[in-house]
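In: coords please:
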Amino acid sequence: MRVMWLSMNSSMLHGDEAFGLTAPLERALTDHFADQMHLAVVFASEYEGQAKTVRGMATYYPVNADINQFAFNYQSWERTKAELLRVIEDFRPDIIQCFGSEWPYGAIAECVSIPVVIHMMGFLNAYYPALDMVKGYCAIPADSHSKVPEQRPEDVAAAFERWKMRANHYFMGRTEWDKNIVKYYSPGAMYFHVPEAIKPSIYRASGQWKYHYNGKLRLLTISSADDRKGNEIILRTAQMLKELLRIDFEWRVAGSRDFFPYFERRTGIRHQDVNIRLLGRIDTPRIIEELSSADFFIHPSIIDNSSNAICEAQLIGCPVIASNVGGTAQLVEDSVTGFLYPYNEPHTLAFLIGNLYREEGVLTRISQNEAETARRRHDPKLVAEAVLHTYASVIKDWESHPRVAPSTLDQEFPAAVAATAEAADGPRRFQPFALFVKGLRCLKDNGVRYTWRKAWDKLRH
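Out: Numbering: from 1, shown residues only. As a prediction, the model looks like this:
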């Protein structure tokens, strides 16, 4: 079987502990079913002219892809599509797997006569409204004379995602949340449940946590730390733990430091004043060390599907307290394999921490339950078997009911494209974004490298 992955990262090209879902999954397939498949990993790269790399059962194809999930650009997608069709012609896969509906790759289904399956990760059409509610976005400002909301890059990206959902017929996911997304955004599509593969070193460290309270409570949060990950809840909860509950604690937050200043200004709470320590991004050995030595793993995300960070904490056995959003309830059974609370209630979170942090018997039971459950859920061989079964089922269905790629797109996609062109090239609408895009193009044309996430954060904040 010849399988092609379309992803934003290079999977195992640089080792099996790389960031993302693909490297652990490739390791599981390599360890257990290398003789049954040949894999092509196609990943986004900023550099032109890079050659493919063949290693074992895998061929790695870097493609020069100037794409992002926040602001879809039709011209960039056309260039990326041409690159994808080139590597598809070179590798000739039996099936294509796209990681994430957020990224443009899923649109390739309209261009090929090969079955394409989208591996559900996040979902922009759920993420953006959640962010708007938390950050107080107003579609029509109070001082505006317009009765029509300005169309933002987020609106265009969400419209493109909806179109990709309808353009595809096969999906894989791991929660009731993403299963329902497929059910209602792609009616009639086939959905396959596939558990998530976890980094091998973390899987091997399963059950390492032991109760060890020494008088100072140690809380831990590991995430990208972006706007979706509950930074405001962390600040407000930490303030209550310090000033109301008067607990001696340290809250260690691993992830980007770039997003906290906005929420500090919003809340008037400085992280250093409420015992929060920003660790920055940490590697896998450090993740294991931090999870093993923390008293609780706190996941206060405002929206999520199946958090990789929760899965890792459960494997290590660090007691998890998580906001009950998205697909989290499929990972955390309240009071059995962790604890759930309403995402927007810092009081509830603070009280829960205060009530639990000296309960050795309860926390030991939770730790054992979640480690045992996570070991079964993320067993590499079982995950690899589920993936191969999905591939075989998709190919069989495709051969029974071949679907010819339409020659024209439906109505919503052209509207999204037109809106993108107007936003990017016509300063009449969303002028700051038009200038921002031109600035990034200028940087690229002059050979200056930049990180999109940081650049986008500067625009938004």
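
In: all strands of the stretch 151-300 of the chain, in order?
Out: 170-173, 190-193, 217-222, 249-254, 276-280, 296-299 (DSSP state E, counting those that start in this stretch).

In: give me the sheet partners of the first one and which way each runs.
Out: Based on DSSP bridges, the pairing partners of strand 170-173 within the sheet are strand 116-119 (parallel), strand 190-193 (parallel).

In: now those in a markdown table, with mean pLDDT, distance to R266 and mean neighbour count?
Out: (Each C-beta comes from the backbone N, C-alpha and C, glycine too.) As requested, these are exported to a markdown table (pLDDT from 0 to 100; distance: least, C-beta to C-beta, whole Å; neighbours: other C-beta atoms under 10 Å):
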| stretch | mean pLDDT | distance to R266 | mean neighbour count |
| --- | --- | --- | --- |
| strand 116-119 | 98 | 34 | 28 |
| strand 190-193 | 98 | 38 | 17 |
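
In: next one: phi and psi at the closest residue to V387 other than its chain neighbours?
Out: What sits nearest to V387 in space, not counting adjacent residues and going by C-beta to C-beta, 6 or more residues apart in numbering, is V194, at 5.7 Å. Here the main-chain torsion angles of V194 (degrees, to the nearest 10) amount to phi -140, psi 120.

In: just the mean pLDDT for stretch 292-303, thanks.
Out: For stretch 292-303, mean pLDDT is 97.

In: quick one: terminal-to-terminal distance for it?
Out: 26 Å (C-alpha to C-alpha, to the nearest Å).

In: chain center to that stretch, what's the gap?
Out: 17 Å (C-alpha atoms, centre = their mean, to the nearest Å).

In: got any ranges where the stretch 1-150 of the chain has weak pLDDT?
Out: 47-49, 66-73, 147 (pLDDT under 70).

In: give me that answer again for 90
Out: 8-9, 13-21, 44-51, 56, 64-81, 104, 133-150 (pLDDT under 90).

In: likewise for the stretch 151-300 of the chain?
Out: If you take pLDDT under 90 as the line, the stretch 151-300 of the chain has these spans: 151-157, 213-214, 225.

In: repeat that for 80
Out: Low-confidence regions of the stretch 151-300 of the chain, defined by pLDDT under 80, span residues 151.

In: also the stretch 351-461 of the chain?
Out: For the stretch 351-461 of the chain (pLDDT under 80), the answer is 402-461.

In: mind doing that once more with 90?
Out: Judged by pLDDT under 90, the stretches of the stretch 351-461 of the chain that qualify are 401-461.

In: nearest to F260, of the strands of the stretch 151-300 of the chain?
Out: strand 276-280 (6.5 Å; C-beta to C-beta).

In: that older thread, okay, the strands paired with strand 170-173 in TSV with distance to F99 next?
Out: Converted to TSV, these look like this (distance: least, C-beta to C-beta, whole Å):
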stretch	distance to F99
strand 116-119	5
strand 190-193	14
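
In: nearest to E176, of these?
Out: strand 190-193 (9.8 Å).

In: contacts only, for the residue nearest to V387.
Out: 119, 172-174, 383, 386-387, 390 (C-beta atoms under 8 Å, 6 or more residues apart in numbering).

In: hmm, try it at 7 Å
Out: 172, 174, 383, 386-387, 390 (C-beta atoms under 7 Å, 6 or more residues apart in numbering).

In: list the contacts of R92.
Out: R2.

In: let me redo that: I114
Out: 93, 95-96.

In: between those residues, which sits nearest V336?
Out: Using C-beta to C-beta, these come closest to V336 at I95, 37.0 Å.

In: got the phi/psi numbers for that closest one?
Out: phi -150, psi 150.

In: touching stretch 374-387 from outside, list them.
Out: 25, 28-29, 31-33, 194-198, 203, 206, 311, 314-315.

In: next, the distance between the ends of that stretch.
Out: End-to-end distance (C-alpha to C-alpha), stretch 374-387: 18 Å.

In: likewise for stretch 319-328?
Out: End-to-end distance (C-alpha to C-alpha), stretch 319-328: 15 Å.

In: check contacts around R281.
Out: Neighbours of R281 in contact, by C-beta under 7 Å, 6+ apart: 254-256.

In: again, but for G15
Out: Per C-beta under 7 Å, 6+ apart, neighbours of G15: none.

In: what's the answer for G327, then?
Out: 175-178, 304-306.

In: can you put those residues in a markdown table and add neighbour count and distance to P187?
Out: Putting the contacts of G327 into a markdown table (neighbours: other C-beta atoms under 10 Å; distance: C-beta to C-beta, whole Å) gives the following:
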| residue | neighbour count | distance to P187 |
| --- | --- | --- |
| T175 | 20 | 19 |
| E176 | 14 | 17 |
| W177 | 21 | 17 |
| D178 | 26 | 15 |
| D304 | 28 | 25 |
| N305 | 25 | 20 |
| S306 | 23 | 23 |
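
In: among the contacts of V194, which ones are in helices?
Out: 383, 386-387, 390 (DSSP state H).

In: out of those, give me the one that has the most neighbours.
Out: V387 (24 neighbours; other C-beta atoms under 10 Å).

In: how much space between that one and G173?
Out: 12 Å (C-beta to C-beta, to the nearest Å).

In: please report how far the spatially most distant residue from the centre of the chain lies from F99.
Out: Residue farthest from the centre of the chain, counting by C-alpha atoms, centre = their mean, is H145 at 37.6 Å. H145 is 44 Å from F99, where distance means C-beta to C-beta.

In: and E333, by the same measure?
Out: Taken as C-beta to C-beta, the span from E333 to F99 is 27 Å.

In: between the two, who's got more neighbours?
Out: A count of neighbours by other C-beta under 10 Å puts F99 above the other of E333 and F99, at 23 against 14.

In: I'd say E360 and D295 touch.
Out: No: counting by C-beta atoms under 7 Å, E360 does not reach D295; the two are 10.7 Å apart.

In: before we move on, back to that, which one of the contacts of stretch 374-387 sits closest to V63?
Out: L25 (19.8 Å).
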